[in-house]
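A.B. asks: Okay, structure incoming, though there's no sequence with it:
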Ligand SMILES: NC(=O)C1=CN([C@@H]2O[C@H](COP(=O)(O)OP(=O)(O)OC[C@H]3O[C@@H](n4cnc5c(N)ncnc54)[C@H](O)[C@@H]3O)[C@@H](O)[C@H]2O)C=CC1
Ligand SMILES: NCC(=O)COP(=O)(O)O
């Protein structure tokens with residue numbers, strides 16, 4: 001009944017800090033079983049560059065994962081052709097996406113209890129001619145679900161987004177009653193499922209300055225956001241807003257709420273990162289699998305130096321393991 005959780009950890013962009021963060025983790029004792037999904041040769045090359053000794057063990061589904069310092073379970077993925085830190089190579093892009101596919105399919109098949117992702121470089125994947133906006137959208141498509149929600153969280157703050165990786169000029173049109181309703185419902189449901197918040201109070205930001213100033217600074221609040229929130233409240237969701245985004249992130253509001261819902265990426269995430277960059281987790285809600293991630297990017301400037309901070313990776317693994325245990329327990333209860 002209490003089998004340890006096994007998480008797939010994708011090593012991300014080969015030129016970034018992901019591979020060395022995986023190796024840093026291997027030097028410590030771990031509570032959760034971690035299987036790094038990556039090119040074995042890439043990990044060996046990075047370990048050699050950093051002067052680290054890590055014994056890599058090929059992992060087979062059904063087996064426990066290594067948890068002892070100095071040992072690391074690896075699910076090898078072919079196709080990485082360039083191991084140089086700090087220098088992007090579009091030829092590695094197919095391999096990077098294959099690591100995500102292997103991890104996600106492994107979760108769907110029950111081989112893994114969840115997946116944690118180290119950062120990928122969205123630009124270089126597109127340079128390879130592959131349309132890619134982020135793990136969030138990639139996993140939504142792979143898992144065949146209509147809507148997912150990106151939420152970043154620290155101990156003190158949770159910020160979810162209505163839209164994710166969109167050019168700013170496309171944001172207004174994307175804020176539809178359908179999208180706002182789906183995102184709000186997923187956020188409320190998953191805060192209950194994974195964080196045991198029975199009826200979460202969610203602060204919803206407006207899109208425009210001063211939440212539109214009564215229609216004088218934009219009408220999305222009056223036309224879309226207010227009527228949608230009203231309808232969702234009638235379903236029982238505890239939604240406050242639309243609130244001016246510049247004052248939403250103040251103790252007056254945050255102290256009485258469980259999460260903030262921002263309309264777009266750079267409305268919500270700078271606040272979260274100012275408050276907790278380096279120790280936050282990025283969670284994809286609404287998926288049939290557990291997926292958490294680090295709060296940072298590929299940090300090409302640090303790759304190969306061994307100076308990258310693993311704080312956010314630790315948070316992502318801790319939260320991923322908690323969520324996976326929660327989902328396992330719920331599944332077992334449903335089977336009784
Ligand atoms: N989960 C993911 O896959 C994410 C990927 N990205 C991708 O990363 C690439 C680079 O993005 P940037 O905006 O430059 O952000 P970034 O997070 O890579 O770097 C911003 C600054 O933070 C520092 N930094 C980042 N992680 C650190 C760590 N663990 N320890 C110490 N310092 C750290 C970097 O050195 C840099 O000075 C982009 O292509 C972006 O798409 C960005 C965010 C998340
Ligand atoms: N700023 C967060 C971010 O870009 C991460 O996106 P994703 O790759 O987790 O979808």
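C.D. replies: Great, that's in hand. Values in this document were obtained by computation on a predicted structure and should not be read as measured data. Residues are numbered from 1 along each chain as shown. Ligands and ions are numbered 1, 2, ... in the order given.
A.B. asks: is it true that residue 327 touches residue 113?
C.D. replies: Yes: counting by CB atoms under 8 Å, a contact exists between residue 327 and residue 113, whose distance comes to 7.5 Å. (Each C-beta comes from the backbone N, C-alpha and C, glycine too.)
A.B. asks: what about the two, which has more around it?
C.D. replies: In this view residue 327 and residue 113 are compared by other CB atoms under 10 Å, and residue 113 has more residues nearby, 24 against 18.
A.B. asks: For the more buried one, grab phi and psi.
C.D. replies: phi -90, psi -10 (degrees, to the nearest 10).
A.B. asks: Check the one 10 residues further on too.
C.D. replies: In this entry, residue 123 is assigned phi and psi values of phi -60, psi -50 (degrees, to the nearest 10).
A.B. asks: Tell me the spatial nearest neighbour of it, not counting adjacent residues.
C.D. replies: Take residue 123 and drop its neighbours on the chain: the residue closest to it by CB to CB, 6 or more residues apart in numbering is residue 88, 7.8 Å away.
A.B. asks: Run a quick neighbour tally on the closest residue to ligand 2 within the chain.
C.D. replies: Nearest residue of the chain to ligand 2, counting by CB to the nearest ligand atom: residue 134, 2.7 Å away. The burial metric for residue 134, expressed as a neighbour count using other CB under 10 Å, is 18.
A.B. asks: do residue 31 as well
C.D. replies: The criterion is other CB under 10 Å. On that basis, residue 31 has 11 neighbouring residues.
A.B. asks: which ones are touching residue 193?
C.D. replies: With CB atoms under 8 Å, 6 or more residues apart in numbering as the criterion, the residues that contact residue 193 are 326, 327, 330.
A.B. asks: Find the helix or strand that it is a member of.
C.D. replies: Residue 193 belongs to helix 177-195 when elements are defined using DSSP states H and E.
A.B. asks: Within the sheet, what are the partner strands of the very next helix or strand once past that helix, with directions?
C.D. replies: Elements were assigned by DSSP H and E; along the chain past helix 177-195, the next helix or strand is strand 201-205. Paired neighbours of strand 201-205 in the sheet (DSSP bridges): strand 238-243 (parallel), strand 259-262 (parallel).
A.B. asks: Not counting strand 201-205 itself, show me its contacts.
C.D. replies: For strand 201-205, the external contacting residues (CB under 8 Å, 6+ apart) are 160, 184, 187-188, 211, 225, 229, 237-245, 248, 253-254, 256-263, 267-268.
A.B. asks: Among those residues, name the buried ones.
C.D. replies: Listed as buried from the contacts of strand 201-205 are 160, 184, 187-188, 211, 225, 229, 237, 239-245, 248, 253-254, 257-263, 267-268; burial here means 16 or more other CB atoms under 10 Å.
A.B. asks: Which strand residues bridge the residue nearest to residue 229 when sequence neighbours are not counted?
C.D. replies: Nearest non-adjacent residue to residue 229, counting by CB to CB, 6+ apart: residue 239, 4.9 Å away. Legend: beta-bridge partners of residue 239 under DSSP bridges are residue 202.
A.B. asks: What's the separation between residue 239 and ligand 1?
C.D. replies: Applying CB to the nearest ligand atom, to the nearest Å, the value for residue 239 to ligand 1 is 28 Å.
A.B. asks: for the longest helix belonging to the chain, packing partners?
C.D. replies: Secondary structure of the chain per DSSP state H: the longest helix is helix 311-335. Here helix 311-335 touches strand 6-10, helix 18-26, strand 114-117, helix 177-195, strand 281-285, strand 291-294, going by 3 or more CB pairs under 8 Å, 6 or more residues apart in numbering; DSSP states H and E.
A.B. asks: for these, which one sits closest to residue 303?
C.D. replies: In this view, those are compared for proximity to residue 303 by CB to CB, and helix 18-26 is the closest at 7.1 Å.
A.B. asks: And for that closest one, what's in contact with it?
C.D. replies: 9-12, 34, 36, 38, 42-43, 46-47, 50, 52, 54, 69-72, 85, 118-120, 294, 298, 303-304, 306, 308, 310, 313, 317.
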